[in-house]
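Novice: Below is the sequence, then the predicted model.
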Amino acid sequence: MAVEVVYRSSRDLERLFMDKAEADRYDKMLELAEALATVLHKAVPSLTEQQTEDVGIYMARHRELFAKAFKSSPEALSELPTDDSAT
């Protein structure tokens, strides 16, 4: 019998990872997504909880492009995928 080590996301108990670093990155992404969702809901109270969660996750997944756009390159946003269902 083989033993396999897996890591579970502390924020998404359904997700399992073979690599601790990958699990940590995923947890950090979810933490950022939660913070973004909170800010978005405060800025636009008419958004539903699901909408703020979805946008927060999308922004967190693509944080590098958003950071680049916020710094000095708004054109970086053109690199964002239009269909994010695969990630």
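Specialist: On my side now, so go ahead.
Novice: how about residue 7, phi and psi?
Specialist: In terms of degrees, to the nearest 10, the main-chain angles of residue 7 are phi -120, psi 140.
Novice: Leaving aside the residues adjacent along the chain, what's closest to it?
Specialist: With C-beta to C-beta, 6 or more residues apart in numbering as the measure, residue 23 is the residue that lies nearest to residue 7, at 3.9 Å, once sequence neighbours are left out. Where C-beta positions appear, they are placed from N, C-alpha and C, glycine not excepted.
Novice: The one you found and residue 11 touch, don't they?
Specialist: No - the pair residue 23 / residue 11 is not scored as a contact, 9.9 Å apart, by C-beta atoms under 8 Å.
Novice: More neighbours: which of the two?
Specialist: A side-by-side neighbour count of residue 23 and residue 11, using other C-beta atoms under 10 Å, places residue 23 first with 20 against 15.
Novice: Secondary structure element holding the more buried one?
Specialist: Applying DSSP states H and E as the criterion places residue 23 in helix 20-43.
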